[in-house]
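Colleague: fold the following, please.
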Amino acid sequence: MNPYPPTKLIVVLFIFTISVYLLTLNPALFRNDSPETITGCITLGITHPPGYPLFNLLGKCFLPFFVGNPAFTYNFMSSLLAASGACLLFINLWILLTNLHLIKKERDAVINYKSISCLAAALLFAVSNSYWGNAISAKGGIYILQMDLELSFFLFLQIVLFKEKPNLFDYYFSSFILLIGFINHWPSQTLLMPALLTLRLTTIKSQTPFSLFGFFKNAATCLTLATISFSLYLYLPIRSHLYPILNFGAPFTQERFTKSVLRTDYSNIEMMTSYRDTFWANLNQKSLYISRHFFTEFHPAVFVFIVVGFFLLNKANKRLTLFLLIFFLTVVLANLFYLQATPIEFWHIDDHLLSANWILSLLIGTGIYGLLTTTKPFLKNNKMAVMTTTTFCAFAIVFLTLIQNLATNDQKERFLYYGYGVNILKSMPENTLYFAESDYDYFSTLYFKTVLNKRPDIHLFLTFFIEQPYERSLLAKMDDLPTNPSPQTPKGSLLFDLIENNHSNHAIYSTFPNASFAKIYLKDFEGMRFEPSGIVTRIISNDDDIAKEMPYHQLDNFWNEYLVPELKKTNSTQEILLQACANPYLNLAHYDKLRGHFEHWDWCYAKALYLISDTGWLAQTWFDRAEGDSYQGKKNEAGKAYQIAGYYFYQQGQLDKSNVALKKAKALVATN
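Modeller: Next up, the predicted model:
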């Protein structure tokens with residue numbers, strides 16, 4: 001029997017998976033960091049820590065294969081990497097089944113059984129929910145590349161384990177691939193180490209003589225490979241010192257380089273221990289989410305194959321089973337106890353659980369193969385019936401999984417993120433100083449300004465990083481705006497100096513009326529106030545003219561053109577962006593209330609409430625609406641809004657606020 005996987009079948013697998021991805025591919029922007037990823041690849045900029053030098057360089061090499069627009073090109077690049085990952089899983093499973101010899105009496109199982117098992121498992125992996133979701137977005141390509149590297153490492157690990165006499169090249173090359181994984185997404189790669197260490201401890205032979213020369217030789221070789229691999233991180237300081245447009249963290253000093261690679265600035269945000277007051281509540285919510293996660297990745301019927309595959313694999317090779325089990329548990333537990341995420345951001349957990357998908361897919365394929373081969377001796381006279389029935393069941397589950405995950409991952413008509421960026425640009429006049437306040441508004445504007453060369457006149461700043469010590473020197477190198485220190489500047493604030501020196505010649509805009517800009521700037525400079533302008537906010541002084549028309553028309557067009565199609569097919573990965581889109585409607589409602597204009601009050605609040613999914617914010621928004629309705633004398637509407645606010649406050653455990661809202665509702669009922 002041919003021990004090598006069938007090339008024709010791998011080609012068919014690749015064509016099928018890439019076709020599925022192309023039919024559902026997002027044609028513009030998807031996921032919050034995709035514009036940043038695209039900009040980093042095209043401009044060779046420095047993306048957020050750990051900088052992803054391997055992916056940026058790979059993306060730059062992909063630029064000659066430009067397809068359509070830049071966003072589509074890099075979404076397509078992710079799809080190519082994902083289709084390659086499915087093929088790698090096929091090859092891994094083929095080698096695994098070839099070497100396990102699950103049936104002692106019949107080691108050379110019919111090749112069709114193996115083909116069915118490998119193809120079904122690879123297809124299930126390809127259409128699993130989060131793998132598919134990452135395969136159709138530029139940012140997802142980073143996680144997909146990590147899966148490719150993990151599967152490549154596992155492939156060579158199998159060669160080392162199953163060869164009777166593996167040579168040094170096999171060891172060294174598998175080590176090199178392992179090290180390369182640390183250049184792409186080292187937090188994910190680190191999760192491999194406990195399983196790898198356990199495997200190493202279980203394969204040490206006590207009778208092997210110790211050789212001091214051999215030890216130093218291997219150590220020197222591994223150190224050389226590590227030096228070659230980690231030298232890619234030199235991309236960060238070298239490129240950063242050339243001041244690219246995207247220069248996240250400016251890691252051209254030793255301190256900032258270390259912080260960038262190790263993600264130290266993100267540790268307080270990412271670690272569960274940083275949120276001690278909410279640790280147990282968050283842990284409980286995450287436990288429920290992760291337990292449901294795997295049932296959304298595959299059709300539930302696959303768990304029959306997973307259980308069978310686990311027991312058969314354990315029977316055939318306990319060491320390999322232990323390796324996969326420890327790796328799986330490490331991935332799950334790290335996401336459960338380490339990674340901090342709020343419920344609206346739980347989809348981030350799906351990205352970090354991707355390694356579990358290929359482990360489960362290997363077990364699925366092993367289970368299918370085991371069931372096929374174990375039923376064969378009992379049904380010798382019905383070989384064709386057995387093969388037909390099992391093949392139908394295996395591929396029926398693939399089809400059901402595809403249908404189950406299609407609605408979530410069909411992104412071909414999703415333009416909200418793109419439209420959000422377009423409307424930000426429409427909201428601002430020429431030569432604006434724009435202080436963006438979240439990933440969505442900053443990265444979308446950066447993409448349009450840098451990659452598409454639209455509105456290069458806008459001066460773009462990321463507000464919650466602008467007070468970093470290095471930002472003033474970066475701005476002096478990359479922009480011609482005067483930033484002379486002002487005597488009134490609080491604590492040498494760059495943001496304050498920017499506005500103080502430029503507000504007479506430039507319009508000043510921020511995204512939200514209640515976020516970083518307000519906290520950093522307005523608290524120290526009370527001579528400025530907010531005014532709605534499109535979907536962002538204009539900052540004006542008391543002497544500036546108030547706009548004659550409010551942006552009702554633009555917000556209505558934005559709703560009909562971009563939000564309505566998105567709301568028809570909701571996607572958890574877009575919930576944060578949808579909430580961001582609620583801000584301009586709320587901002588306009590609050591502004592109208594201050595002016596005593598209530599013609600569009602109900603319209604603004606109805607739109608905003610439809611977009612908000614965070615319970616805490618929803619409770620406060622209903623309460624604010626109730627206050628406004630009460631002010632207008634709409635007692636029935638106010639009473640209902642207070643009751644809803646009380647319900648959401650109660651869900652949040654804010655009993656005092658819930659009681660206040662319900663008492664106000666009761667008082668309004670009594671007056672009626």
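Colleague: tell me the contacts of W601?
Modeller: A589, D592, K593, G628, Q632 (CB atoms under 8 Å, 6 or more residues apart in numbering). Heads up, the C-betas are built off the backbone N, CA and C, glycines and all.
Colleague: same list (the residues you listed) but as CSV, adding neighbour count.
Modeller: Shown next, in CSV, are the contacts of W601 (neighbours: other CB atoms under 10 Å):
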residue, neighbour count
A589, 24
D592, 19
K593, 17
G628, 22
Q632, 15
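Colleague: now the residues you listed as a markdown table including distance to S19 and pLDDT?
Modeller: Supplementary listing: the contacts of W601 in a markdown table, determined by distance: CB to CB, whole Å; pLDDT from 0 to 100:
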| residue | distance to S19 | pLDDT |
| --- | --- | --- |
| A589 | 46 | 92 |
| D592 | 50 | 89 |
| K593 | 53 | 88 |
| G628 | 52 | 92 |
| Q632 | 56 | 90 |
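Colleague: for the stretch 51-200 of the chain, what spans make up the helices?
Modeller: Shown for the stretch 51-200 of the chain, the helices assigned by DSSP state H, counting those that start in this stretch span residues 53-62, 70-100, 111-126, 129-135, 140-162, 168-190, 193-203.
Colleague: comparing these, which comes out most buried?
Modeller: Neighbour counts (mean count of other CB atoms under 10 Å) averaged over each of these peak at helix 129-135, with a mean of 26.
Colleague: ok, residues contacting that one?
Modeller: The contact list for helix 129-135 (CB under 8 Å, 6+ apart) reads 20-21, 24, 78-79, 81-83, 85, 125-126, 140-141, 143-144, 147, 296-297, 350-351, 353-354, 357, 404-405, 408-409, 573.
Colleague: what is the mean pLDDT for it?
Modeller: On average, the pLDDT along helix 129-135 is 95.
Colleague: can I get it in CSV? Just the C-alpha atoms.
Modeller: Provided in CSV are the C-alpha atoms of helix 129-135 (Å, rounded to 0.1, in the frame of the first residue of the first chain):
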residue,chain,number,x,y,z
ASN,A,129,-17.0,27.9,13.0
SER,A,130,-14.0,29.9,14.3
TYR,A,131,-11.5,28.5,11.8
TRP,A,132,-13.8,29.4,8.9
GLY,A,133,-14.4,32.9,10.5
ASN,A,134,-10.7,33.6,10.6
ALA,A,135,-10.2,32.2,7.1
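Colleague: so T264 makes contact with T258?
Modeller: Yes. Using CB atoms under 8 Å, T264 is in contact with T258, at 7.5 Å.
Colleague: give me the most central residue, the protein.
Modeller: Geometric centre of the chain, nearest residue: H348, 5.1 Å, by CA atoms, centre = their mean.
Colleague: low-confidence stretches in the stretch 551-672 of the chain?
Modeller: 670-672 (pLDDT under 70).
Colleague: could the contacts of W601 be laid out in TSV, adding secondary structure and distance to L563?
Modeller: Putting the contacts of W601 into TSV (DSSP: H, G, I helix; E, B strand; the rest coil; distance: CB to CB, whole Å) gives the following:
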residue	secondary structure	distance to L563
A589	helix	16
D592	helix	20
K593	helix	23
G628	helix	22
Q632	helix	26
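Colleague: which residues in the stretch 301-450 of the chain form strands?
Modeller: 433-436 (DSSP state E, counting those that start in this stretch).
Colleague: residues touching the residue nearest to the centre of the chain, list them.
Modeller: Listed by CB under 8 Å, 6+ apart, the contact set of H348 reads L339, A341.
Colleague: how close does it get to K286?
Modeller: In this view, H348 and K286 are 11 Å apart by CB to CB, to the nearest Å.
Colleague: P532 sits in which helix or strand?
Modeller: Secondary structure assigned from DSSP states H and E places P532 in strand 528-533.
Colleague: and this structure, what are its domains?
Modeller: Annotated domains of the chain cover 7-409, 416-541, 555-671 [automatic domain parsing].
Colleague: which stretches of the stretch 301-450 of the chain aren't confidently modelled?
Modeller: The stretch 301-450 of the chain contains residues with pLDDT under 70 at 375-386.
Colleague: count the residues that sit near the closest residue to P429 other than its chain neighbours.
Modeller: In this structure, P429 finds its nearest non-sequential neighbour in A507, 5.2 Å apart by CB to CB, 6 or more residues apart in numbering. When neighbours are counted by other CB atoms under 10 Å, A507 registers 19.
Colleague: and if you look at K548?
Modeller: If we define neighbours as other CB under 10 Å, then K548 has 5 of them.
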